[in-house]
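Asks: Just to be clear, the model below is a prediction. Sequence and coordinates:
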Amino acid sequence: MLIVRADLEKLRKIPEEERYADWPDMLGWVKSLADSGIRIEGAPLSISGSLVSKNEVRSDGPFIESKEGILGYDVIYAENFEDAVAIAKTCPMVMQGLAIRDVRQLLSPLTVHSID
């Protein structure tokens, strides 16, 4: 999974039409992953949301100590972890310094139990 992370405070200050100015590059990148059979699924996420814990619900952040938040995700097929990292490096938002990609392996419940 390639998770998109960015500075949400900074993004909230950018007018929406400017914020999405780079989407055509992103759409082309996502389409190229899909056309090559690498991309399984993914979606952008809203900047605002709620954090639910046992004792409270916090809306509109801050959700973590840093200003960084999750903007979206892509689930891809990769030969190995290094291949997934290489694919993440080609993301236009990463290349332009607008976001980072957090690369994680999806685990099945059977895999988790076998690790213990």
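Replies: Cool, the structure landed. Numbers count the residues shown, from 1 in each chain.

Asks: what's across from residue 58 in the sheet?
Replies: residue 51 (DSSP bridges).

Asks: wait, it sits on residue 49?
Replies: No. Contact status for residue 58 versus residue 49: not in contact, 9.5 Å apart, counting by Cβ atoms under 8 Å. For glycine as for every other residue, the C-beta is placed from the backbone atoms N, C-alpha and C.

Asks: who's more crowded, the two?
Replies: Per other Cβ atoms under 10 Å, whichever of residue 58 and residue 49 has more neighbours is residue 49, with 15 against 12.

Asks: And the pLDDT at that one?
Replies: You'll see residue 49 listed with a pLDDT of 79.

Asks: ditto for the one 5 residues further on
Replies: Confidence at residue 54, expressed as pLDDT, is 87.

Asks: quick one: secondary structure of it?
Replies: Following DSSP: H, G, I helix; E, B strand; the rest coil, residue 54 is assigned to coil.
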